[in-house]
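Visitor: Below are the sequence and a predicted model for it; my questions follow.
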Amino acid sequence: MSIAPESTGRSVTKAVIPAAGLGTRFLPATKAMPKEMLPIVDKPAIQYVVEEAANAGMRDVLIVTGRNKDNLSNHFDSVPELEATLQRKGDTDRLDRVHASSELAEVHFLRQGQPLGLGHAVGRARMHVGNESFAVLLGDDLIDERDPLLTRMIEVHDQREATVVALMEVPEELIHLYGCAAVNATADPDVVEVTALVEKPSPAEAPSNLAVIGRYVLRPEIFDVIDRLEPGRGGEYQLTDALNVLATGDGDRPVYGVVFRGRRYDTGDRASWIKANLLLGVDNEELGAELSDWVIELAEQLRARRSD
Ligand code: UTP
């Protein structure tokens, strides 16, 4: 049973996590496992994202799955035999951690069918979401829990009755990897009005250095726009294209961007994933000291090797 927004006093209670991409940048690791299940320190990436949604007040999480969905759904189920073994051994610490993943939120699953693009995956959530605003969180973008972005986005959505995307300044040479926003400033230093969006532009075409990162607070009108969408870049139904329709004035309400200046870890390609593990590893309570010493030693060895 899902929790109706009016009963909680919150405007956004549902989160959608699309996890049906092919993860080609991570092959062969993602041949039989979604990239959202790759571990970051000691938890699969998707668990961080479900935790983030729960921390922002969402108790109803819909994960859109593709092939290999069993891995994902098993992770959020309870595992009585594993829990009984840990109980028998008196390993309460690990038992609590195993428990935690099945108690975060009410997690639902939906098949995308075919990986026709992020816009298509979000469109599949229509029946579950209904006529409400909802959050979309991408599982390969981790936002540090010390820098709460989604809460701020929901606040801006409520104040301005608008669709809200998360933006981050990126170097010019990296903008072709992201959706990019044309914007006007507002009186709030971290909020901009989005006037257009373009998916993965060349540096010459890019209207700004503001990249769309994987958090969105969407109003239900997005579903009609997605239904009318033509395939875009790469032949896929792009969420950026649907948002561009709203930003350029085809919706009742405007699109705003929250400019995020906190810690974000991209985990969608190999180098970024390794960096994310190190960055979160050195901050980890149990592993931090050991890992930090090792990283410093490694850096010294690499520096010496370079100067040889
Ligand atoms: P990406 O483009 O980063 O994911 O999609 P991908 O296609 O799996 O990655 P590569 O480029 O092949 O390595 C962004 C997000 O949208 C989801 C992905 O799972 C990821 O979280 N997605 C993408 C879907 O759910 N369905 C799709 O059809 C495409």
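Guide: Good, I have the coordinates. Numbers count the residues shown, from 1 in each chain.
Visitor: Not counting its neighbours along the chain, what's nearest the residue of the stretch 151-300 of the chain found nearest the ligand?
Guide: Closest to the ligand within the stretch 151-300 of the chain is residue 268: 4.9 Å, counting by C-beta to the nearest ligand atom. Every residue, glycine included, has its C-beta placed from N, CA and C. For residue 268, ignoring the flanking residues on the chain, the nearest one in space by C-beta to C-beta, 6 or more residues apart in numbering is residue 140 at 3.6 Å.
Visitor: Against the ligand, how distant is that neighbour?
Guide: Residue 140 sits 5 Å away from the ligand, going by C-beta to the nearest ligand atom, to the nearest Å.
Visitor: In contact with that residue, which residues are there?
Guide: Counting by C-beta atoms under 8 Å, 6 or more residues apart in numbering, residue 140 touches 35-36, 45, 214, 266-268.
Visitor: Could you pull out the strands in this structure for me?
Guide: 14-19, 39-40, 43-44, 60-65, 106-111, 134-137, 141-143, 163-169, 179-185, 191-199, 210-218, 255-259, 264-266 (DSSP state E).
Visitor: re earlier: now do the residue nearest to residue 268, the pLDDT please.
Guide: pLDDT, residue 140: 86.
Visitor: List phi and psi for it.
Guide: Note on residue 140: its backbone torsions stand at phi -100, psi 10 [degrees, to the nearest 10].
Visitor: One more: residue 201?
Guide: Torsion angles, degrees, to the nearest 10, at residue 201: phi -80, psi 160.
Visitor: which ones are touching the nearest residue to it once chain neighbours are set aside?
Guide: Among residues not flanking residue 201 along the chain, residue 180 sits closest, at 5.1 Å (C-beta to C-beta, 6+ apart). By C-beta under 8 Å, 6+ apart, the residues touching residue 180 are 197-201, 206-212.
Visitor: hey, what's residue 180 bridged with?
Guide: Beta-bridge partners for residue 180, by DSSP bridges, are residue 198, residue 211.
Visitor: Please enumerate the helices of the stretch 151-300 of the chain.
Guide: Applying DSSP state H, counting those that start in this stretch to the stretch 151-300 of the chain gives helices spanning 222-228, 239-245, 270-282, 288-307.
Visitor: As JSON lines, the ones you listed with mean neighbour count would be great.
Guide: Shown next, in JSON lines, are those (neighbours: other C-beta atoms under 10 Å):
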{"stretch": "helix 222-228", "mean neighbour count": "18"}
{"stretch": "helix 239-245", "mean neighbour count": "25"}
{"stretch": "helix 270-282", "mean neighbour count": "16"}
{"stretch": "helix 288-307", "mean neighbour count": "11"}
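Visitor: sorry, back to before: just the buried residues of the contacts of residue 140.
Guide: Neighbour counting with 16 or more other C-beta atoms under 10 Å marks 35-36, 45, 214, 266-268 as buried within those.
Visitor: Out of those, the closest to residue 308 would be?
Guide: residue 266 (32.1 Å; C-beta to C-beta).
Visitor: Isn't that closest one up against residue 276?
Guide: Yes - between residue 266 and residue 276 there is a contact at 7.1 Å, judged by C-beta atoms under 8 Å.
Visitor: Tell me the residues that contact both of these two, please.
Guide: Taking C-beta under 8 Å, 6+ apart as the criterion, residue 266 and residue 276 both touch residue 142.
Visitor: any chance of the contacts of residue 180 in JSON lines, plus pLDDT and neighbour count?
Guide: Output for the contacts of residue 180, formatted as JSON lines (pLDDT from 0 to 100; neighbours: other C-beta atoms under 10 Å):
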{"residue": "197", "pLDDT": "95", "neighbour count": "28"}
{"residue": "198", "pLDDT": "92", "neighbour count": "22"}
{"residue": "199", "pLDDT": "90", "neighbour count": "21"}
{"residue": "200", "pLDDT": "92", "neighbour count": "18"}
{"residue": "201", "pLDDT": "93", "neighbour count": "17"}
{"residue": "206", "pLDDT": "95", "neighbour count": "20"}
{"residue": "207", "pLDDT": "95", "neighbour count": "15"}
{"residue": "208", "pLDDT": "96", "neighbour count": "20"}
{"residue": "209", "pLDDT": "96", "neighbour count": "17"}
{"residue": "210", "pLDDT": "97", "neighbour count": "24"}
{"residue": "211", "pLDDT": "97", "neighbour count": "21"}
{"residue": "212", "pLDDT": "97", "neighbour count": "22"}
